[in-house]
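Novice: Would you be able to build a 3D model of this:
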Amino acid sequence: MVHLLLPALAAVLVIAAATAVLVRRDRRRMDPGADTLRIEVTATRGVRDARRRAAAYGHRFLRDRD
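Specialist: Purely as a prediction, here's the structure:
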């Protein structure tokens, strides 16, 4: 009987700890301010530009290595 109880108890404890961490993290999250939104927009634009440049120049750089 103990063989079945210990793994079940361990699983319940792991799930409870994970749930507590997620709930605590969600409660700490605040609404983004103006600075946060500006930084996220700039970062997204930078990543998009980098991907566009890599796609545009990627094939040429691969051919130059030959």
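Novice: Could you look up the SS state of residue 31?
Specialist: Three-state assignment for residue 31 (DSSP: H, G, I helix; E, B strand; the rest coil): coil.
Novice: ok, now how distant is it from residue 21?
Specialist: Taking C-beta to C-beta, to the nearest Å as the measure, residue 31 falls 21 Å from residue 21. For every residue, glycine as well, the C-beta is placed using N, CA and C.
Novice: So the two - more neighbours on which side?
Specialist: residue 21 (10 against 5; other C-beta atoms under 10 Å).
Novice: mean confidence for the helix or strand hosting that one?
Specialist: Using DSSP states H and E, residue 21 falls within helix 2-28. Mean per-residue pLDDT for helix 2-28: 89.
Novice: State the pLDDT value of residue 64.
Specialist: 52.
Novice: Can you give me the domain boundaries for the protein?
Specialist: Using automatic domain parsing, the domains assigned to the chain come out as 1-30, 32-66.
Novice: how far is the longest helix seen in the chain from where the chain is centred?
Specialist: Longest helix in the chain by number of residues (criterion: DSSP state H): helix 34-64. Put simply, helix 34-64 sits 19 Å off its chain's centre (C-alpha atoms, centre = their mean, to the nearest Å).
Novice: Thank you kindly, that will do.
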